[in-house]
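Novice: no sequence on this one, just coordinates:
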């Protein structure tokens, strides 16, 4: 949602009137265009009408809670940066906000308004993966020492099923947080990333968080054609592999990227180490994190919808995934065929 001029449009969704007005006044002084909303319902309407470049959202508001607002905005506008500004510091609250689609989290009280301005500018430049990696490093020792926090983080990062992403209806289940899947809708397609971690890995929770943070910036950049890795499963794996190798973490991660199109009954995929099903295993290359310059290869497979995928690990963990086209998509495809 780019503004036509150099001025960036900021939507503030905040029920505390004094804080909302102070924040709005500061950002106006920095040449931002500001729209204020005092609750979630006004905020959702403001997104549609104002078409902001960045949303600043509180979590605890009357009526529609902030998590629900973030979820609704992210579902409709997946590339729109959402920054949470809240006095809530509970681990579960922070993690849920990030999982629903927020890209940053600022704590009240704000004593230096420059922090907000900097967060806005970082959200507009794609959030450098190197910077996000260093932020994760600050919490790495905690995740190593605290098994509960590590396990809780893994659980909270999991998406809940079923999911509706535009034209896609998705159901999935996994017997362990170590075998998980993430989804990135792009134009008329859906990128699916499946990750398998090992319980004995020293930094398992850190690695899971790092993969998520590494993929978020290029995904947000995709709408501006600034980063095209999501056009190709091979590029997704090569991007992840290079950054994981550069992190200095000794690990090997099995991962596959699959690209589904609503125009063709075909899945494009690349595989780094996953051993099932058979057609995916045949395309396997080195796992992520072993060598930095591995060149992965794209493969194609004819499919039917609903597309079903069952992945079983070597220690009998299982991920079952089912992706369907919704009725509207099917009807549009049928009309196109008749024409």
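Specialist: Looks like it arrived, so ask away. Small disclaimer: the values here were computed from a predicted structure and weren't measured. Numbers count the residues shown, from 1 in each chain.

Novice: can you list contacts of the helix or strand encompassing residue 257?
Specialist: In the assignment (DSSP states H and E), residue 257 maps to strand 254-261. Contacts to strand 254-261, defined as Cβ atoms under 8 Å, 6 or more residues apart in numbering, come from residues 168, 188-196, 211, 232-234, 236-237, 240, 267-275, 280, 287-288, 303, 307, 309, 323. For glycine as for every other residue, the C-beta is placed from the backbone atoms N, C-alpha and C.

Novice: Restricted to buried residues, select these in PyMOL.
Specialist: Command for PyMOL that selects the buried part of the contacts of strand 254-261, burial taken from 16 or more other Cβ atoms under 10 Å:
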select buried, resi 168+189+190+191+192+193+194+195+196+211+232+233+234+236+237+240+267+268+269+270+271+272+273+274+280+287+288+303+307+309+323
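
Novice: so of the contacts of strand 254-261, which ones are in strands?
Specialist: 168, 189-196, 267-272, 307, 309, 323 (DSSP state E).

Novice: which residues in the protein form helices?
Specialist: With DSSP state H applied, the chain shows helices at 17-29, 40-50, 66-76, 91-100, 114-124, 129-138, 140-145, 147-157, 204-221, 233-246, 278-281, 327-338, listed in chain order.

Novice: just checking, what packs against the longest one?
Specialist: Helices and strands in packing contact with helix 204-221 are listed as helix 129-138, helix 140-145, helix 147-157, strand 179-186, strand 189-196, helix 233-246; criterion 3 or more Cβ pairs under 8 Å, 6 or more residues apart in numbering; DSSP states H and E.

Novice: remind me which residues of the stretch 151-300 of the chain are low pLDDT?
Specialist: 151-159, 199-203, 205, 223-227 (pLDDT under 70).

Novice: again, but for the stretch 1-150 of the chain
Specialist: In the stretch 1-150 of the chain, residues with pLDDT under 70: 1-6, 88-91, 125-150.

Novice: Find the nearest non-adjacent residue to residue 204, please.
Specialist: residue 197 (5.2 Å; Cβ to Cβ, 6 or more residues apart in numbering).

Novice: What is the burial count for the one you found?
Specialist: When counting by other Cβ atoms under 10 Å, one arrives at 24 neighbours for residue 197.

Novice: Now that it has come up, it's in contact with residue 208, right?
Specialist: Yes - at 6.2 Å, residue 197 and residue 208 qualify as touching, with contact defined as Cβ atoms under 8 Å.

Novice: Could you measure from the residue nearest to the spatial centre of the chain over to residue 194?
Specialist: Closest to where the C-alpha atoms of the chain average out (Cα atoms, centre = their mean) is residue 216, at 5.0 Å. Separation of residue 216 from residue 194 (Cβ to Cβ, to the nearest Å): 17 Å.

Novice: Equivalent analysis for residue 22, please.
Specialist: 45 Å.

Novice: Residue 59 contacts residue 93, correct?
Specialist: Yes - Residue 59 sits in contact with residue 93 when judged by Cβ under 8 Å, with a separation of 6.4 Å.

Novice: Name the residues contacting each of these two.
Specialist: In contact with both residue 59 and residue 93: residue 86, using Cβ under 8 Å, 6+ apart.

Novice: Tell me which of these two has more neighbours.
Specialist: Neighbours around residue 59 and residue 93, counted as other Cβ under 10 Å, are more numerous at residue 59. The numbers are 21 against 17.

Novice: Ramachandran angles for the more buried one?
Specialist: phi -100, psi -50 (degrees, to the nearest 10).

Novice: How many residues are close by the closest residue to it other than its chain neighbours?
Specialist: Closest residue to residue 59 apart from its sequence neighbours, by Cβ to Cβ, 6+ apart: residue 66 at 3.6 Å. When neighbours are counted by other Cβ under 10 Å, residue 66 registers 27.

Novice: With residue 195 as the reference, measure out to the nearest residue to residue 196 once chain neighbours are set aside.
Specialist: Spatial nearest neighbour of residue 196, excluding adjacent residues (Cβ to Cβ, 6+ apart): residue 254 at 3.9 Å. According to Cβ to Cβ, residue 254 and residue 195 sit 7 Å apart.

Novice: Equivalent analysis for residue 50, please.
Specialist: Distance from residue 50 to residue 195, by Cβ to Cβ: 36 Å.

Novice: how far out from the middle of the chain is stretch 68-86?
Specialist: On the basis of Cα atoms, centre = their mean, to the nearest Å, stretch 68-86 is displaced by 11 Å from the centre of the chain it belongs to.

Novice: Buried ones in that stretch, by neighbour count?
Specialist: With the criterion 16+ other Cβ under 10 Å, stretch 68-86 contains buried residues 69-74, 77-78, 80-86.
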